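Novice: take a look and give me a structure for this.
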Amino acid sequence: METVALAAFHSSVADIEPERVEEAFEGRLTERLTGWGIEVIPSSVWRRIWRRYAEDVGGIYDRSSGEADEQKFAVVREAVYRDLVENHSADAILYVDVKLVEDYGVRALPQVCGETVTPYWPGGWADHSQAPNPATMVRSSCLVGILVDPGGKSLFGRQAGIEGMETYDVQTRAVRPPERVFLNGERLDEATAVVLAPFARPARPESDAKESPSDVTPTDRP
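Specialist: This next block holds a predicted model:
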């Protein structure tokens, strides 16, 4: 694989804008991929091409419901894939999303998307293993990457926990402030490495492949 196009970044988390995801991860993804000799088409190219074809079909969103027209969406996506191949020599498209994962009755550090993630709590998380009650609920962010070929076939899906976002402990709620999101560069680097791991290792026969908690079924794309 020589050239990968980055699709527009997505966020399934209400308090995290797609622009924040792009700012945190596009440079890291690009640096790692180019370090392996893979050319990267930036997400700005995807957005420009998508807007052009979306305008050609009069927009993909229904004005009354605000929901996407599935048929128009499919037509535009196919046109974007074709353009990326014909004009930019893309071999694959990488979709990137950030989602929330919930854990209930948390005493020890939870495993989130295959990674140990520290729950968010002002002043630092306290181990609940010896506490009378566990934390009621912990929400953590998770980075998801799905690679597809220009025909739309999913090649792989990977995920990695990023950081704690919200904690309910008994009757107290703590939420990570927006300005404190994505500040731990080391965690962002680690999540990026996990999501891109298949690029760094030879492909294995399906019969030999073993799923890990970091693998996701690459059926749904942002």
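Novice: quick check: the nearest residue to residue 214 once chain neighbours are set aside vs residue 12, distance?
Specialist: Excluding the flanking residues, the one nearest residue 214 by Cβ to Cβ, 6 or more residues apart in numbering is residue 114, at 3.6 Å. Where C-beta positions appear, they are placed from N, C-alpha and C, glycine not excepted. Distance, residue 114 to residue 12, by Cβ to Cβ, to the nearest Å: 18 Å.
Novice: cool, and residue 66?
Specialist: Residue 66 is 17 Å from residue 12, by Cβ to Cβ.
Novice: those two: who's more crowded?
Specialist: residue 12 (15 against 7; other Cβ atoms under 10 Å).
Novice: just checking, the more buried one touches residue 97?
Specialist: Yes: counting by Cβ atoms under 8 Å, residue 12 touches residue 97, with 5.9 Å between them.
Novice: for this protein, which spans come out with low pLDDT?
Specialist: 127-132, 201-212, 217-222 (pLDDT under 70).
Novice: which stretches in this structure count as helices?
Specialist: Counting by DSSP state H, the chain has helices at residues 18-35, 43-56, 70-88, 185-195, 197-200.
Novice: report how many residues lie close to the residue nearest to residue 214.
Specialist: 17.
Novice: what segments of this structure are strands?
Specialist: 3-6, 10-11, 39-41, 92-106, 111-112, 115-116, 135-148, 154-169, 172-175 (DSSP state E).
Novice: how about the ones you listed in TSV, adding distance to residue 84?
Specialist: Formatted as TSV, the strands of the chain follow (distance: least, Cβ to Cβ, whole Å):
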stretch	distance to residue 84
strand 3-6	5
strand 10-11	17
strand 39-41	7
strand 92-106	7
strand 111-112	32
strand 115-116	31
strand 135-148	11
strand 154-169	15
strand 172-175	38
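Novice: closest one to residue 193 among the ones you listed?
Specialist: Residue 193 sits nearest to strand 154-169 of all the strands of the chain, at 8.0 Å, using Cβ to Cβ.
Novice: give me the helices and strands touching the closest one, please.
Specialist: Contacts defined by 3 or more Cβ pairs under 8 Å, 6 or more residues apart in numbering; DSSP states H and E place strand 154-169 against strand 92-106, strand 111-112, strand 115-116, strand 135-148, strand 172-175, helix 185-195, helix 197-200.
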